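J.: would you be able to build a 3D model of this:
(one chain, ligands or ions: 1)
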Amino acid sequence: MSLNLNTLRQQIDSLDHKLITLLNERAQVSLDIGAAKRQGADPQDEVNTHVYIPGREKQVFEKVTRLNPGPMADESLCAIYREIMSSSIALQKDVLVAYLGPIGSYSHDASMKKFGDSVQYASQGTIADVFDAVERGRCQYGVVPFENSIAGSVVPTLDKFVKSNVKIRAETYLPVHHYLLSKSAIEAVRRVYSHPVALAQCQNFLNTHLKGIEVLPCASTSEAAQLAAKEKFAAAISSGVCAEIYGLDVLHADIEDQHDNTTRFFIISDAWDAPSASDKTLLNFTVDHRLPGALCDGLKVFKDHNLNLTKIDSRPSLLRPWHYVFFVECAGVHGDSEVMSKVIEDLHKFCLDVRIVGTYPDQRPQDLRY
Ligand SMILES: O=C(O)C(=O)C[C@]1(C(=O)O)C=C[C@@H](O)C=C1
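T.: Numbering: from 1, shown residues only. Presented below is the predicted three-dimensional model:
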């Protein structure tokens with residue numbers, strides 16, 4: 001059968017016509033959902049001012065990949081749906097998302113992948129500024145790095161969770177590949193800028209290729225690229241897109257110590273979402289030192305409730321010297337569940353200041369679930 005280009009393009013035109021009609025029908029339903037949220041669809045409900053519903057989005061993405069018969073790749077279909085839901089959010093409300101900038105940072109990339117192109121973004125100078133933007137209501141959502149698979153926890157984020165009252169609403173995992181960018185040749189580089197967590201991910205590269213060179217930490221990897229672009233003989237460890245944005249050359253690609261390098265980000269807000277099919281919950285508490293074995297007893301509470309721990313970390317309590325705030329994340333439980341109320345009640349027997357920092361749909365990539 002011979003294929004006629006004109007006939008095939010007519011077919012595409014006709015399908016586009018149908019797609020546009022369907023997309024607008026969907027957009028209209030989304031506007032109605034927005035109106036229902038403002039009214040409080042169920043008169044018993046509190047008025048829901050949140051348009052970003054991570055649990056529902058996860059369900060939509062799962063449905064879309066389940067229904068996909070091909071030949072379109074799941075990734076392509078999900079990218080299209082990311083933008084459909086992004087426009088859906090923007091239709092319901094003006095949404096401003098704070099991220100650790102300037103543009104080209106990994107936080108920017110994670111934000112765009114989570115919220116798409118149709119919402120507005122506000123670049124912030126530091127992680128603390130992202131928290132402040134959300135706390136003061138200048139932005140409804142903020143995106144902050146929480147931990148990296150090579151370098152571990154992002155300390156400024158943990159410390160803000162100790163002090164701040166913001167809630168975690170969602171999580172997202174971003175594969176991270178670092179680049180060495182500069183206007184000079186590598187032999188001429190005398191100084192390297194990057195974020196401390198990114199520097200920690202490239203120790204092997206730095207020791208092999210730039211041994212003895214001055215290493216200067218800065219607020220973000222994209223700020224590093226900005227600085228390197230202004231200075232002779234300086235380089236930055238940043239994302240690949242920073243080369244184009246800031247006019248730098250790529251001296252080396254993929255310089256992270258391990259190539260499955262991944263950073264987990266949290267989406268913070270003033271409230272968490274309702275339960276989804278599979279949630280995780282992050283709590284923090286201070287151990288009461290007067291009780292021997294209090295940490296052990298505290299952790300046993302999770303075992304007694306059959307909860308699997310997916311993260312544990314500690315930071316100095318900023319309220320009591322030589323006391324520590326423990327962060328514990330558990331899988332398979334929502335913060336508003338009965339189980340979690342029991343966990344909190346039991347923790348209070350051994351621990352002080354027990355608080356749920358957030359509860360969010362489990363977005364671990366399949367290969368990270370165990
Ligand atoms: O279901 C909702 O609450 C919606 O607002 C609709 C919708 C969608 O377009 O499917 C849009 C944004 C939300 O983050 C989740 C889903």
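J.: show me what the host helix or strand of residue 250 pairs with in its sheet, parallel or antiparallel.
T.: With elements taken from DSSP states H and E, the one containing residue 250 is strand 249-253. Applying DSSP bridges to the sheet, strand 249-253 is found paired with strand 179-182 (antiparallel).
J.: re the thing from before, contacts for the strand holding residue 250, please.
T.: 177, 179-183, 185-186, 189, 205, 209, 235, 240, 243 (Cβ atoms under 8 Å, 6 or more residues apart in numbering). Glycine gets a C-beta too; all of them are placed from N, C-alpha and C.
J.: so what's the closest residue to the ligand within the stretch 201-350 of the chain up against?
T.: In the stretch 201-350 of the chain, the residue that lies nearest the ligand is residue 273 (9.2 Å; Cβ to the nearest ligand atom). By Cβ under 8 Å, 6+ apart, the residues touching residue 273 are 50, 53-55, 169-170, 359-361.
J.: and if you look at residue 296?
T.: By Cβ under 8 Å, 6+ apart, residue 296 has no neighbours at all.
J.: residue 85 reaches residue 117, doesn't it?
T.: No: using Cβ atoms under 8 Å, residue 85 is not in contact with residue 117, being 11.2 Å away.
J.: next to the ligand, which bits of the stretch 1-150 of the chain? Give me the list.
T.: 30, 33, 51-53, 56-57, 60, 85, 88-89 (Cβ under 6 Å from any ligand atom).
J.: if we use 8 Å, what do you get?
T.: For the stretch 1-150 of the chain, the residues in contact with the ligand (Cβ under 8 Å from any ligand atom) are 26, 29-30, 33-34, 37, 51-54, 56-57, 60, 84-85, 88-89, 92.
J.: which among those residues count as buried?
T.: When these are checked for burial by 16 or more other Cβ atoms under 10 Å, the buried set is 30, 33-34, 37, 51-54, 57, 60, 84-85, 88-89, 92.
J.: how about the closest residue to the ligand within the stretch 101-250 of the chain: what's its closest non-neighbour residue?
T.: Nearest residue of the stretch 101-250 of the chain to the ligand: residue 115, at 9.0 Å (Cβ to the nearest ligand atom). Residue nearest to residue 115 in three dimensions, not counting chain neighbours: residue 97, with 5.4 Å by Cβ to Cβ, 6 or more residues apart in numbering.
J.: beta-bridge partners for the one you found, please?
T.: Beta-bridge partners of residue 97, as defined by DSSP bridges: residue 121, residue 141.
J.: check contacts around it.
T.: Counted by Cβ under 8 Å, 6+ apart, residue 97 has contacts 111, 115, 119-122, 139-143.
J.: would you show me how to pick out the buried ones of the residues you listed in ChimeraX?
T.: Applying 16+ other Cβ under 10 Å to those, the buried members can be selected in ChimeraX as follows:
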select :111,115,119,121,122,139,140,141,142,143
